[in-house]
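*Asks:* sequence below, structure please.
(one chain, ligands or ions: 1)
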Amino acid sequence: MGMKLAVFASGTGSNFDAIMKAVKNGTLEADVSLLVCDKIEASVVKKAQQHLIDTVVFNPKCYESKAAYEEVLLKDLQSRGIDYVILAGFMRLIGPTLLEAYEHRIVNIHPSLLPAFPGKDAIGQALEKNVKVTGVTVHFVDNGMDTGPIIDQEAVRVEEGDTREAVQKKIQQVEHKLYPRVIQSLPVKEESL
Ligand code: GRF
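*Replies:* Residues are numbered from 1 along each chain as shown. Coordinates of the predicted model:
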């Protein structure tokens, strides 16, 4: 049944939905085994329920450190045999506990052509600089902010007079196709060992 994925998200979950759609139509041969979310009110939690995906919602404030909650998450990931952690709008940096256990098996999507515009509000940063081309990057996660090895990228043109919403829409359309495709191309367990 392909690889087992855990999606980590904090927000709307449009990428989560796109991944679920790709799984259902067979273009992504994977099993989304778990959604991990750090915000109880995030819409992605409802989306996971609609898709009948097991969900872990945790409040980071209830733990004394990042290592403490990551330890708990790691046990859960390992007991479910999760192959890849897919970050889809997860608004927290991943710490050494998960990074060491899942080296080259944590993937992120970022709404710019990295290394340009890392961090928060990448679309706002791009508009501020008046760029004519921005885009989407999928990369492995390392201990920096949006700095890990790039797996794939796709460009998006910014036309004269494009509003922020217009650029965001174009970026999302690209994300929803690119992310499932890149996940499908990730090495399966036997090859990555
Ligand atoms: C996406 O734009 C992604 O690139 C960024 O966070 C956003 C998540 O959006 N990392 P959604 O929750 O999947 O709609």
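*Asks:* tell me how many other residues crowd residue 156.
*Replies:* 23 (other CB atoms under 10 Å). Quick note: C-beta positions are derived from backbone N, CA and C, even for glycine.
*Asks:* so what strands line up beside the host helix or strand of it?
*Replies:* The secondary structure element spanning residue 156 is strand 150-157 (assigned by DSSP states H and E). Here strand 150-157 is paired, per DSSP bridges, with strand 133-140 (antiparallel).
*Asks:* sorry, back to before: then the strand holding residue 156 to PDB, C-alphas only?
*Replies:* In PDB, the C-alpha atoms belonging to strand 150-157 read as follows (Å, rounded to 0.1, in the frame of the first residue of the first chain):
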ATOM      1  CA  ILE A 150      15.800  21.100  -2.200                       C
ATOM      2  CA  ILE A 151      13.900  18.300  -3.800                       C
ATOM      3  CA  ASP A 152      11.800  20.200  -6.400                       C
ATOM      4  CA  GLN A 153      10.700  23.700  -7.300                       C
ATOM      5  CA  GLU A 154       8.200  25.300  -9.600                       C
ATOM      6  CA  ALA A 155       8.000  29.000 -10.700                       C
ATOM      7  CA  VAL A 156       4.900  31.300 -10.500                       C
ATOM      8  CA  ARG A 157       4.800  34.600 -12.500                       C
END
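*Asks:* what comes up buried for the helix or strand just after it?
*Replies:* Later in the chain than strand 150-157, the nearest helix or strand by DSSP H and E is helix 164-184. Judged by neighbour count using 16 or more other CB atoms under 10 Å, the buried positions of helix 164-184 are 167-168, 170-172, 174-176, 178-180, 182-183.
*Asks:* pipe the residues you listed into TSV and attach pLDDT and distance to the ligand per row.
*Replies:* As requested, these are arranged in TSV below (pLDDT from 0 to 100; distance: CB to the nearest ligand atom, whole Å):
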residue	pLDDT	distance to the ligand
167	98	11
168	98	8
170	98	11
171	98	6
172	98	6
174	98	10
175	98	6
176	98	8
178	98	10
179	99	8
180	98	12
182	98	12
183	98	13
